[in-house]
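Novice: fold the following, please.
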Amino acid sequence: MREMTIKLNSVRDVQEFVDLSTSMGFPILVTDGRHRVSGNSFMEMFCLDCSGPLLASADCSADQFEVFRESAKRFLAQDI
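Specialist: Numbering: from 1, shown residues only. Sure, this is the predicted structure:
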């Protein structure tokens, strides 16, 4: 499992992250520390507390993760 810390600041960010996750073709889980949900589910993502950083975990190869990370660059948490 490969991980990165992300920050989603708006409903639009959530929708774009879900769209990206769905397009990757491998499982992506997102956690806020209390809840763990599928990054492919718009409804499940709203169970998370998005006021802080989120941990996105991907079950994929290193090459696939680099593609995912590069595509998700704008969601990466900075200085957290």
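Novice: which ones are touching residue 62?
Specialist: Taking Cβ atoms under 8 Å, 6 or more residues apart in numbering, we find residue 62 in contact with residue 2. (Glycine included, C-beta is placed from N, CA and C.)
Novice: how near is it to residue 20?
Specialist: 18 Å (Cβ to Cβ, to the nearest Å).
Novice: kindly report the same for residue 37.
Specialist: On the measure of Cβ to Cβ, residue 37 and residue 20 end up 15 Å apart.
Novice: what about stretch 43-55, average pLDDT?
Specialist: Stretch 43-55 carries an average pLDDT of 95.
Novice: hmm, I was thinking of stretch 10-25
Specialist: 96.
Novice: buried stuff in that stretch?
Specialist: 13-14, 17-18, 20-21, 24 (16 or more other Cβ atoms under 10 Å).
Novice: got it, and stretch 66-80?
Specialist: Result for stretch 66-80 [16+ other Cβ under 10 Å]: buried residues 68, 72, 75.
Novice: let's have those in JSON lines, adding secondary structure and pLDDT.
Specialist: Below are the buried residues of stretch 66-80 laid out as JSON lines (DSSP: H, G, I helix; E, B strand; the rest coil; pLDDT from 0 to 100):
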{"residue": "68", "secondary structure": "helix", "pLDDT": "97"}
{"residue": "72", "secondary structure": "coil", "pLDDT": "97"}
{"residue": "75", "secondary structure": "helix", "pLDDT": "97"}
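Novice: closest to residue 51 among those?
Specialist: Among the buried residues of stretch 66-80, residue 75 lies closest to residue 51 (Cβ to Cβ), at 15.0 Å.
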